[in-house]
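>>> The following comprises the amino acid sequence and a computationally predicted model.
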Amino acid sequence: MSQYDLVVIGTGPGGYVCAIKAAQLGLKVAVVEKRATHGGTCLNVGCIPSKALLHASEMFHEAGHGFEALGIKVAKPKLDLPAMMTHKQATIDANVGGVAFLLKKNKIEAFHGTGKILGQGKVSVTAEDGKVTELATKSIVIATGSDVMQLPGVEIDEKQVVSSTGALTLEKVPDHLVVVGGGVIGLELGSVWGRLGAKVTVVEFMDKILGPMDGDVSKQFPASAGQAGHDLQAVVQGHRCCQEGQGSGSLGRAGRWRCR
Ligand SMILES: Cc1cc2nc3c(=O)[nH]c(=O)nc-3n(C[C@H](O)[C@H](O)[C@H](O)COP(=O)(O)OP(=O)(O)OC[C@H]3O[C@@H](n4cnc5c(N)ncnc54)[C@H](O)[C@@H]3O)c2cc1C
């Protein structure tokens with residue numbers, strides 16, 4: 001059984017930074033990651049792909065709506081969504097490749113599989129093919145991040161009802177996208193698809209969108225989204241979303257989704 005000073009479970013921004021720093025300070029470090037690539041939610045299905053799509057969709061929107069006022073005449077831009085997604089994937093690949101390089105450079109051993117703490121100083125790694133490896137370690141860091149929250153009564157099929165992960169890989173621009181939750185992630189992804197031509201409706205339980213953010217930002221966002229030409233409406237409380245074959249539902253008090 002391999003012996004380490006530190007085993008870090010999860011190689012998102014929390015885990016890989018911790019592992020690299022520990023290795024630089026002289027510890028013998030291993031990381032365990034259940035995804036095929038390192039970088040966690042942020043690099044694979046979060047910050048990085050969403051920013052790549054935000055940038056690309058902003059350029060698309062500017063070319064169609066903002067250039068003329070600046071004295072730049074161009075033909076109406078055409079959307080090549082598969083190419084935009086290829087650009088997004090290239091951005092992800094460059095970033096996750098960078099993390100793999102840094103782990104290797106700092107002599108950190110990387111194990112791919114699901115990590116489980118078996119007891120004091122013992123971690124098992126179950127690979128996709130079922131093979132189990134046991135690691136012995138003086139210390140363990142749990143950096144397993146978070147997961148998509150389910151709404152009671154709503155099945156996230158990643159086709160018609162998508163999580164933020166599914167919203168990064170839609171194959172066509174939806175006619176109408178209802179975003180449940182007016183926080184940063186919902187508004188980011190709503191902005192992407194709004195700029196690409198979807199009508200976007202944001203459903204928020206609280207009495208304003210971007211509630212925990214600076215009050216001015218929260219107040220200004222709907223106006224600036226409108227000015228940018230997005231068909232983005234913030235609808236607060238009591239609004240309905242239809243899911244084919246399952247009737248409609250509404251967000252009730254305490255954030256519970258009620259199916260009718
Ligand atoms: C669409 C979107 C956009 C975002 N944009 C931003 C942004 O612009 N700025 C920002 O600061 N934050 C943003 N975030 C949030 C950011 O992604 C998270 O805050 C960040 O990823 C948390 O890092 P972490 O290391 O704690 O967890 P994660 O990044 O979630 O990493 C945890 C890792 O642990 C792995 N793991 C879990 N369980 C196990 C196990 N048992 N064994 C092995 N591996 C395991 C997971 O596969 C994952 O790779 C965004 C999130 C989303 C979804």
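Thanks, I have the structure now. Since the model is a prediction, treat every value here as computed from it, not as a measurement.

>>> ok, and for stretch 23-34, which residues are buried?
Ala23, Leu27, Lys28, Val29, Ala30, Val31, Val32, Glu33, Lys34 (16 or more other CB atoms under 10 Å). (Each C-beta comes from the backbone N, C-alpha and C, glycine too.)

>>> Around the ligand, which positions in the stretch 51-200 of the chain sit nearby?
Thr114, Gly115, Ala143, Thr144, Gly145, Ser146, Ser164, Ile185 (CB under 6 Å from any ligand atom).

>>> Need the buried ones from these selected in ChimeraX.
In ChimeraX syntax, the buried subset of these is picked out as below (16+ other CB under 10 Å):
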select :115,143,144,164,185
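
>>> What's the first helix or strand after the helix or strand containing Glu62?
Using DSSP states H and E, Glu62 sits within helix 47-65. The element immediately downstream of helix 47-65 (helix or strand, assigned by DSSP H and E) is helix 81-105.

>>> buried set for that following helix?
Quick answer for helix 81-105 (16+ other CB under 10 Å): Met84, Met85, Lys88, Thr91, Ile92, Asn95, Val96, Val99, Ala100, Leu102, Leu103.

>>> what's the answer for stretch 196-203, then?
Buried residues in stretch 196-203, counted by 16+ other CB under 10 Å: Leu196, Gly197, Ala198, Val200, Thr201, Val202, Val203.

>>> Export only the CA atoms of it, formatted as PDB.
Presented in PDB, the C-alpha positions along stretch 196-203 are these (Å, rounded to 0.1, in the frame of the first residue of the first chain):
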ATOM      1  CA  LEU A 196     -28.100  34.000 -28.700                       C
ATOM      2  CA  GLY A 197     -31.800  34.700 -29.200                       C
ATOM      3  CA  ALA A 198     -33.800  32.900 -26.600                       C
ATOM      4  CA  LYS A 199     -36.600  34.500 -24.600                       C
ATOM      5  CA  VAL A 200     -35.400  34.100 -21.000                       C
ATOM      6  CA  THR A 201     -37.700  34.300 -18.000                       C
ATOM      7  CA  VAL A 202     -36.100  34.100 -14.500                       C
ATOM      8  CA  VAL A 203     -38.100  32.800 -11.600                       C
END
